[in-house]
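[1] fold the following, please.
(2 chains)
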Amino acid sequence: MSNVPNNLKYSKEHEWVRVEGNRAVIGITDFAQSELGDIVFVELPEAGADLAQNTTFGTVESVKTVSDLYAPISGTIVEVNAALVDSPEKVNEAPYEEGWMIVVEIKDAGELDSLLSPDDYTAYISK
Amino acid sequence: METWRLLHTGLADPAWNMAVDEAILHANSRGLVPPTVRFYGWNPPTLSIGYFQRAGKEVDFEAVRAQGLGFIRRPTGGRAVLHDRELTYSVVVPESHEKMPTSVNESYRVLSMGLLEGFRELGLRAEMTSLGEDEKKAGMEPLGSAACFDSPSWYELVVEGRKVVGSAQVRQRHTILQHGSILLDLDVEQLFSVLLYASERTRERMMRLFRDKAVSIKDIAARDISFDEALRAFTTGFERGLGVELAPGLLTPEEEELAAELVRTKYGTDSWNYQK
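    Presented below is the predicted three-dimensional model:
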């Protein structure tokens, strides 16, 4: 069973969002890392970049597969987890902790309502 | 039975080859074309590297030029491949297609059924193998070697334990592109002559390991199998392995146009090919 912490919100693209004031920490879910397999490279944008909801914000490589990552909400990137460049395995080992990817300044809090609750996400990945 | 599109685009230059695969992915993601199986080859023979590989660190460009080889960075993962006497395939299919499992690893297994049946059609016994964690940890997945065919991990097609097809994927726009090399013949010396190693001894050692792990159809069949013969066999193989009918088609004008644009703006540019 995939781990779906109940203090987070989720996108159908398998990203998680942890809201902290007007900022949001973003990463990929335990389900996503398990479906991707061993992650060997992570590519993330620079701080300062603007993201639009549902557009690509980075890529990962696993099992000789380069997969796009989709932004769950819009915002300006204020922090990037640079440690993942040298330790991409953190995404597999601790997707909700050291495997976090970016922090954005939330542009439109209304977009958070379009995300899934832990229960809805659990149901979504159990389909 | 579902009908997918079949494309033959012949031998072409590396930038166009990669641009066409991406153009098909775009067109399929927009619902403009059905899932597609494409067969192609390379002129000139070309060294390709994976999306995340560092060209400057891994490739001996002087040797590439001296041997008249093309060079391209792929949009897909994996490592270096020398595309010469091979049949190259690509498959484009939506991630949400009912035949596609969500797991990356499982999707290789499903798409590789087409390859497996293709070998059967040629009278060759290939099998699918999945290396477990133990074997990976035991060093079946050697570190520090840039060549793609030396890492038969996850689901791979092997004949007598040696890898005969190297495949890689990219997943963009909710669409899967998997492409790979079906080796008709293999020149190990040439591949290793264009990759950089810390020392000659390392090169020799990597080459020996590689010979134990990769093999071409010519070696297995003990006869020459032509591009056309392989093309017929793997067309039947993909139909049977994927349970679809392949209808010969052409690139659409939109795909042709996008491919030309991608050659100009991406695959034909130094900033793409030497970026990492």
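[2] ranges for the helices of chain A?
    Per DSSP state H, chain A carries helices over the ranges A:30-36, A:83-86, A:90-93, A:118-126.
[3] same question, the stretch 1-150 of chain B
    For the stretch 1-150 of chain B, applying DSSP state H, counting those that start in this stretch gives helices covering B:14-29, B:55-58, B:61-66, B:104-121, B:133-135.
[4] mind listing what's buried in the third one?
    In terms of neighbour count (16 or more other Cβ atoms under 10 Å in any protein chain shown), helix B:61-66 has its buried residues at residue B:64. For every residue, glycine as well, the C-beta is placed using N, CA and C.
[5] follow-up on the earlier one: dump the helices of the stretch 1-150 of chain B into CSV; add distance to residue B:225 and mean pLDDT as well.
    Listed next are the helices of the stretch 1-150 of chain B as CSV, based on distance: least, Cβ to Cβ, whole Å; pLDDT from 0 to 100:
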stretch, distance to residue B:225, mean pLDDT
helix B:14-29, 21, 98
helix B:55-58, 30, 93
helix B:61-66, 27, 97
helix B:104-121, 11, 94
helix B:133-135, 30, 45
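[6] hey, which of the ones you listed is tucked in deepest?
    Across the helices of the stretch 1-150 of chain B, averaging neighbours per residue (mean count of other Cβ atoms under 10 Å in any protein chain shown) puts helix B:14-29 on top, at a mean of 24.
[7] that helix close to chain A?
    No - using Cβ under 8 Å from any Cβ of the partner chain, helix B:14-29 stays clear of chain A, coming no nearer than 11.1 Å.
[8] to chain B, which of the helices of chain A lies closest?
    helix A:30-36 (4.7 Å; Cβ to the nearest Cβ).
[9] which among the helices of chain A is found nearest to residue B:261?
    Nearest to residue B:261, of all the helices of chain A, is helix A:30-36, at 30.0 Å by Cβ to Cβ.
[10] what residues does chain B have near chain A?
    Near chain A, when you scan chain B using Cβ under 8 Å from any Cβ, you find B:50-52, B:75-79, B:102-105, B:108, B:148, B:154, B:167-173.
[11] next step: these restricted to strands.
    Taking DSSP state E, the ones among the residues of chain B next to chain A that sit in strands are B:154, B:167, B:168, B:169, B:170, B:171, B:172.
[12] count of neighbours near the second one?
    So the one you mean is residue B:167. 26 (other Cβ atoms under 10 Å in any protein chain shown).
[13] pLDDT score for the nearest residue in space to it that is not next to it in sequence?
    Nearest in space to residue B:167, with sequence neighbours left out and distances taken as Cβ to Cβ, 6 or more residues apart in numbering or on different chains, is residue B:180 at 3.2 Å. Looking at residue B:180, its pLDDT stands at 96.
[14] now do residue B:180 against residue B:38, distance only.
    Noted for residue B:180: a distance of 12 Å to residue B:38, by Cβ to Cβ, to the nearest Å.
[15] compare these two (neighbour count), which wins?
    Shown here are residue B:180 and residue B:38; by other Cβ under 10 Å, residue B:180 has more neighbours (26 against 22).
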